[in-house]
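need the 3D shape of this:
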Amino acid sequence: MTLAEIQARLEAAGNADIAAHSARFFRTGPGEYGEGDRFRGIRVPVLRKMARTCDAADMSVVEQLLMSPWHEDRLCALLMLVRRYERGDDAQKEAVFALYLKRVEYVNNWDLVDSSAPKIVGAHLESREKRLLFDWVRDESLWKRRIAVLATYWYIKRGRFDEILAMAEQLLDDDQDLMHKAVGWMLREVGKKDLAMEEAFLNRHYQDMPRTMLRYAIERFEEKTRKDYLEGRI
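Predicted coordinates:
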């Protein structure tokens, strides 16, 4: 399957109204985090289905698709890489991870990060050195920082919290709302596995947390407890 064939399918699946909505939703205006991104207007379930039909595509084709200026092309490529990582042998997993690192600059919006970082970066580094994650969590790139945080979702779901708690401490002073949301979300996921662990972290740091981070972290708490945190009574 060639790049032209895949992109022809993607173009045919596009919808102008959805594209216009996506351009607003993903903040593509001047100075916004998605500035200049282009949308075909394809729903995610359609992209997932399309990715499943492209398993025969060569990795070089997937790489080219990932470098597309079209948002949905990049998401489709990442969904293809996730499938290959999940189903591949050790050599295939290494190839997927290497390609992800090589072209990480194209993983450049929150949905692209969230759909790929846990299942590729998190999974690959599970039993390996994690220096990359701690380098990226302080990187100038918003998207590398978010990849580092979302990679820990793989560990959180398996009851391992050291990485996210260390990162969360480092990111208390991050100035990006998308990072506040990501860290708060991961802390909330910690709480689903071990509420006492989340509460212990919050009790040490909640007064220094960005408000959005705290709100995301305590979203599932009882109303009284939420108010106590928000009003500084813990």
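
name the SS class of the residue lying closest to residue 143 once chain neighbours are set aside, please.
When the adjacent residues along the chain are set aside, residue 143 lies closest to residue 108, with 5.2 Å between them (CB to CB, 6 or more residues apart in numbering). (C-beta placed from N, C-alpha, C; glycine too.) Recorded secondary structure, residue 108: coil (DSSP: H, G, I helix; E, B strand; the rest coil).

my guess is residue 108 meets residue 146, correct?
No: contact criterion CB atoms under 8 Å: residue 108 and residue 146 do not qualify, at 10.0 Å.

what residues are up against the residue nearest the centre of the chain?
Note on the chain: the residue nearest the mean C-alpha position is residue 114, at 2.2 Å, using CA atoms, centre = their mean. Each residue near residue 114 by CB atoms under 8 Å, 6 or more residues apart in numbering is listed here: 146, 150.

touching, residue 139 and residue 145? I think so.
Yes: if you go by CB under 8 Å, residue 139 and residue 145 touch, sitting 5.8 Å apart.

between these two, who's got more neighbours?
residue 145 (24 against 12; other CB atoms under 10 Å).

excluding its backbone neighbours, what's nearest residue 14?
residue 40 is the one closest to residue 14 (CB to CB, 6+ apart), at 3.6 Å.

go on, residue 130?
Nearest residue to residue 130 in three dimensions, chain neighbours excluded: residue 163, at 6.4 Å (CB to CB, 6+ apart).

residue contacts, that neighbour?
By CB under 8 Å, 6+ apart, the residues touching residue 163 are 130, 133, 152, 155.

redo those as a markdown table? Include distance to residue 18, secondary structure and neighbour count.
A markdown table is the format used below for the contacts of residue 163 (distance: CB to CB, whole Å; DSSP: H, G, I helix; E, B strand; the rest coil; neighbours: other CB atoms under 10 Å):
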| residue | distance to residue 18 | secondary structure | neighbour count |
| --- | --- | --- | --- |
| 130 | 38 | coil | 18 |
| 133 | 34 | helix | 23 |
| 152 | 32 | coil | 31 |
| 155 | 34 | helix | 21 |
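
how about the secondary structure of the residue nearest to residue 14?
Of the three states, residue 40 takes coil under three-state DSSP.

for residue 192, same thing?
Classification of residue 192 by three-state DSSP places it in helix.

what's the local residue count around it?
Count around residue 192 with other CB under 10 Å applied: 11.

nearest residue to it other than its sequence neighbours?
Among residues not flanking residue 192 along the chain, residue 220 sits closest, at 7.5 Å (CB to CB, 6+ apart).
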